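A.B. asks: coords below, sequence missing:
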C-alpha cells in the first residue's frame, strides 16, 4: 500500500491520490474534515457549492478574525482547495466505475491532506533585499468504499 495511510478492501473500494497540489494545507484540512464520511454524490454537490461560493466551509482551527457565514459561524469559501479536492474525488469515482462498483452506494471512508514539498521562492523588496515567498503543497488521499 505504498503512498496510502489506510488499508482498504480492493473488492469494494477505490482510491485516488493527488500529489504536491499547490493549495493551502490549512484550508484543505478543513475541507477534508467537512466531507469525510459523506456519500459521494453529496460530497460532489458540496464541493461544487463551495466553488460557486454558496456553501461555506466552517473553520474549526485557524479561525481568529474570520467573519461569520450564515448558519456556520467562522467560515470561508476556499475555491482553489475545493477544485483540487473535486478533481481527486472524480478520479476516485472513475476508478470505482472502472472496477464495476456503483457510484450511488459509495461513501468517503478515508480522506487526508498532508503537507507536501515546499517550492522555494522569494519576493524582491526595497533596498536590494528579498523576503521568502514559498509555495506550500498538499498531498490529498481519498478512499471511497461501497456500502449496502
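C.D. replies: Happy to help now that I have it. These numbers were taken from a predicted model, which means no experiment stands behind them. Residues are numbered from 1 along each chain as shown.
A.B. asks: next, name the residue at the spatial heart of the protein.
C.D. replies: For the chain, the residue nearest the mean C-alpha position is residue 85 (3.9 Å; CA atoms, centre = their mean).
A.B. asks: distance check, that one against residue 148.
C.D. replies: 26 Å (CB to CB, to the nearest Å). No exception for glycine: its C-beta is placed from N, CA and C like everyone else's.
A.B. asks: what residue ranges in this structure score low on pLDDT?
C.D. replies: Flagging of the chain using pLDDT under 70 yields the residue ranges 1-2.
A.B. asks: apply 80 and report the result again.
C.D. replies: The model of the chain has pLDDT under 80 over residues 1-3, 148.
A.B. asks: quick one, strands of it?
C.D. replies: Taking DSSP state E, the strands of the chain run over residues 13-21, 57-58, 68-69, 73-76, 106-115, 122-124, 130-132, 138-146.
A.B. asks: out of these, flag the one nearest residue 37.
C.D. replies: strand 106-115 (6.4 Å; CB to CB).
A.B. asks: any idea what the closest residue to residue 17 other than its chain neighbours is bridged to?
C.D. replies: Of all residues not flanking residue 17 in the chain, residue 141 sits nearest, at 5.4 Å (CB to CB, 6 or more residues apart in numbering). Beta bridges link residue 141 to residue 17, residue 112, judged by DSSP bridges.
A.B. asks: neighbours around residue 141, how many?
C.D. replies: If you count neighbours by other CB atoms under 10 Å, residue 141 ends up with 21.
A.B. asks: is it true that it touches residue 21?
C.D. replies: No: between residue 141 and residue 21 there is no contact under CB atoms under 8 Å: 11.4 Å.
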